[in-house]
Every structure is written in structure tokens, then in C-alpha cells.
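*Asks:* next comes the sequence, and after it the predicted model I'd like to discuss.
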Amino acid sequence: MDTTSISFEGAGGETLGQRGHSKDHRPDLMQLILCVVIENEGRPICTEIMPGNTADVSVLLPTVDRLRHRFAIGRVCVVADRGMISA
């Protein structure tokens, strides 16, 4: 699983567009967070879009829970950097 922020300009995006930590160095723009979950051979399983002020650390466990229920996954191997699992 990986996340990134996507900045955007213009009208719209009221429900997801928020200001937060901009990974593309554009704190002046509204953004959303894109989460991509991949399987062990590198193919995407699913994507999720979250408000732009969502912290990576708050995404991991809820996403794992949704994957377990949605795809009946029994075992999960989590590979994460410190930003994904820090307090």
C-alpha cells in the first residue's frame, strides 16, 4: 500500500479537497490523498481516495480491515515506512 497527495485547482472537491501535508510541495492548493494497494506481484488490488488532510498513519489499519472483509483475506504482510506506522 502506498499513499500520495494530489493537488488540484478550480471549483469542486468540497468533500475531499482539504489542505494538509503536500507531498508535491504545493501547500497553497487543495488536495486529496490517493491510496493504492498492490498484491505480492505488484498488481493493484484496489484504490481509495481520502480527504487531503488525512495522515498516512490513520489509513493503514482501516484499509487492512476493509481488505480483509471485502476480499476475504486471511493473512496480511505489512511493509511500511516509519511515516505509515509512527505514533
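*Replies:* Nice, thanks for sending it over. Numbering: from 1, shown residues only.
*Asks:* okay, CA-based contacts and neighbour counts for the rest of this
*Replies:* OK.
*Asks:* partners of the spatially most central residue of the chain in the sheet?
*Replies:* Geometric centre of the chain, nearest residue: residue 35, 3.0 Å, by CA atoms, centre = their mean. Note on residue 35: beta-bridge partners by DSSP bridges are residue 3, residue 48.
*Asks:* show me the contacts for it.
*Replies:* Residue 35 makes contact with 1, 2, 3, 4, 47, 48, 49, 50 under the criterion CA atoms under 8 Å, 6 or more residues apart in numbering.
*Asks:* ditto for residue 37
*Replies:* So residue 37 contacts 1, 2, 44, 45, 46, 47 (CA under 8 Å, 6+ apart).
*Asks:* just put these in CSV and tack on neighbour count, distance to residue 86 and pLDDT.
*Replies:* Output for the contacts of residue 37, formatted as CSV (neighbours: other CA atoms under 10 Å; distance: CA to CA, whole Å; pLDDT from 0 to 100):
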residue, neighbour count, distance to residue 86, pLDDT
1, 19, 16, 82
2, 15, 15, 85
44, 12, 25, 90
45, 12, 25, 86
46, 12, 24, 87
47, 14, 22, 90
